[in-house]
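Novice: I'd like to go over a predicted model; first the sequence, then the structure.
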Amino acid sequence: MDDFRQMVVDAAVKELRHQLGEDEVDVHGTMVQVEGGFRMARVCEYVLRTALDSRDERIIEEVARGIARDGRPWEDFRDQAIDALTSMFGIMTALMDPSP
């Protein structure tokens, strides 16, 4: 899933460029060079949002395949996969929320 890997890196780069400015972040594939400081929690949030995207069919299929048992078709577990992704994203962002 190299394209997934790049998609996650691109999400982090987008947030880094938002925080630091377009010229402060240089990207070559999955190699990223940064000039300056940034809020890592925001970058992590964008990475999680991308990695746990319940609208991305590739991610949904991977999770559904992990849920499916006994040779049953993964498509039967598509809704459960979406629920799992949505729940996981909610849990992770709640844990990262600095608010009391």
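Specialist: Ah, there it is.
Novice: in this structure, which ranges drop under the pLDDT threshold?
Specialist: 1-2, 99-100 (pLDDT under 70).
Novice: Can you show me the strands along it?
Specialist: In the chain, the strands defined using DSSP state E lie at 25-28, 31-34.
Novice: Relative to residue 96, how far out is residue 41?
Specialist: As judged by Cβ to Cβ, to the nearest Å, residue 41 and residue 96 stand 6 Å apart. Backbone N, C-alpha and C define where each C-beta goes, glycine included.
Novice: Likewise for residue 3?
Specialist: From residue 3 to residue 96 the distance is 26 Å (Cβ to Cβ).
Novice: For the two, indicate the residue with more neighbours.
Specialist: Comparing residue 3 with residue 96 by neighbour count (other Cβ atoms under 10 Å), the higher total belongs to residue 96, at 12 against 8.
Novice: picking that back up, could you dump the strands of the chain into a markdown table with mean neighbour count and distance to residue 14 added?
Specialist: Putting the strands of the chain into a markdown table (neighbours: other Cβ atoms under 10 Å; distance: least, Cβ to Cβ, whole Å) gives the following:
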| stretch | mean neighbour count | distance to residue 14 |
| --- | --- | --- |
| strand 25-28 | 14 | 9 |
| strand 31-34 | 12 | 11 |
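Novice: so where do the helices sit in this protein?
Specialist: 2-20, 40-51, 57-67, 78-96 (DSSP state H).
Novice: The last one relative to helix 40-51, how many degrees between them?
Specialist: I take that to be helix 78-96. 180 degrees (axes from the mean of the first three to the mean of the last three Cα atoms, to 10 degrees).
Novice: got it, and the first one?
Specialist: Regarding helix 2-20 and helix 40-51, their directions subtend 150 degrees when assessed with the same axes, to 10 degrees.
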